[in-house]
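A.B. asks: Next one to model:
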Amino acid sequence: MYIIGGDVAIEVGLELINSEGKDITDEDITENIKERILKSGKEVKFEPEEEDEILKLNTVRKTLYTLYGEKLAQFRRIRDKSTGKLACFA
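C.D. replies: Next up is the predicted model:
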């Protein structure tokens, strides 16, 4: 997975494995990764150009699309009727 999506793909893969077959949203994945990094105390930044964020939701979504394209993950997109935004459920 590292060659396909780098560190983000590894983190997303861990979240998918840890979800144990339950639905997990892309937002949940992003927040879980951020929490795990903050708890570990490591200085990790997936996007060096962003000073205030460890990881963006769009980065997780792009990684899910990449993993899906390589047949390493499955997800579905559902539009939230109240906000009109798409959410990915893995």
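
A.B. asks: Quick check: which element contains the most centrally placed residue in the chain?
C.D. replies: The residue lying closest to the centre of the chain (CA atoms, centre = their mean) is residue 60, at 3.3 Å. Secondary structure assignment for residue 60, by DSSP states H and E: helix 57-69.

A.B. asks: Sheet-wise, list the partners of the helix or strand following that helix with their directions.
C.D. replies: Per DSSP H and E, helix 57-69 leads on to strand 76-79 as the next helix or strand towards the C-terminus. Paired strands of strand 76-79, with direction, are strand 86-89 (antiparallel) (DSSP bridges).

A.B. asks: Identify the residue spatially nearest to residue 23, adjacent ones excluded.
C.D. replies: If the residues on either side of it in the chain are set aside, residue 23 comes closest to residue 89, at 5.0 Å by CB to CB, 6 or more residues apart in numbering. Any C-beta I mention is one placed from the backbone N, CA and C, and that applies to glycine too.

A.B. asks: All set now, cheers.
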